[in-house]
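> Have a look; sequence and predicted model below, questions after that.
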Amino acid sequence: MSDCCSVKSCELEKLARVKDQRRALVTVLLINAGMFVAEFAAGLVSGSAALMADSVDMAGDAFVYALSLYALSRGERWKAGAATAKGVFILIFGLAVVVQMIARISSGLPPEGGIMLVFGGLALAANLICLRILWRFRAQDVNMSSTFECSRNDVIANVGVLIAAGLVSVLHSPWPDIVMAGLIAAVFLRSAIRILRAAVPQLRAKAV
């Protein structure tokens, strides 16, 4: 009888964790989707490579969170597969930022620092909320761990955008924006490698 109760208790606890994770992922998905629209428009208006890169990352994160939701109630192989897909997506995003940075070098025009400051600040506030929501799930499994890493990267990128915006306003040069876009790309490429190193071996092990 006690063993039966113990098993039921474990199953109920597991279901509760999944429900909490699902609620958290839906919340951060909606936040990122909304901020993508606002920040991408601001990036176009201001001509900021860093701001546009950060906005595209918001869209990428919305996709990542949707993928995490899909894998949430599935087995460990699905979770490892979802984490692998996130790693590949982050890798593609990092390379896309490099391409965008090269395009900004060619134009040579400085972005609007004021718009960068406003929307960079809004994006930072949104991502700090997401990070707070995901904090307690950061070590539960490879799926949630990779999701938390995506959100942490966003905060780093947002701080970078704000620094670039301040320097652009003072120096009236496009180079702070371009350099920060390059640093953001480096952060995401490094993160992609870390996620793939953790997820791919698990995916291979579960496939056997």
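Received, thanks. Numbers count the residues shown, from 1 in each chain.

> Return the set of buried residues in stretch 87-106.
Within stretch 87-106, the residues that qualify as buried are 87, 89, 90, 91, 93, 94, 96, 97, 98, 100, 101, 104, counting by 16 or more other C-beta atoms under 10 Å. Heads up, the C-betas are built off the backbone N, CA and C, glycines and all.

> Show the contacting residues for the first one.
Spelled out, that is residue 87. 146, 192, 193, 195, 196, 199, 200 (C-beta atoms under 8 Å, 6 or more residues apart in numbering).

> now swap in the last one and tell me
Counting by C-beta under 8 Å, 6+ apart, residue 104 touches 49, 174, 177, 178, 181.

> Just the residues you listed: which are in strands?
Among those, no member falls in strands (criterion: DSSP state E).

> quick one on the thing from earlier: derive a ChimeraX selection command for the buried subset of the contacts of residue 87.
Of the contacts of residue 87, the buried ones go into a single ChimeraX selection, burial set by 16+ other C-beta under 10 Å:
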select :146,192,195,196,199,200
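
> Could you list which of the contacts of residue 87 belong to helices?
Secondary structure from DSSP state H places 146, 192, 193, 195, 196, 199, 200 of these in helices.

> and the spatially most central residue of the chain, what element?
Nearest residue to the geometric centre of the chain (C-alpha atoms, centre = their mean): residue 150, 3.2 Å. Element membership for residue 150, per DSSP states H and E: helix 142-171.
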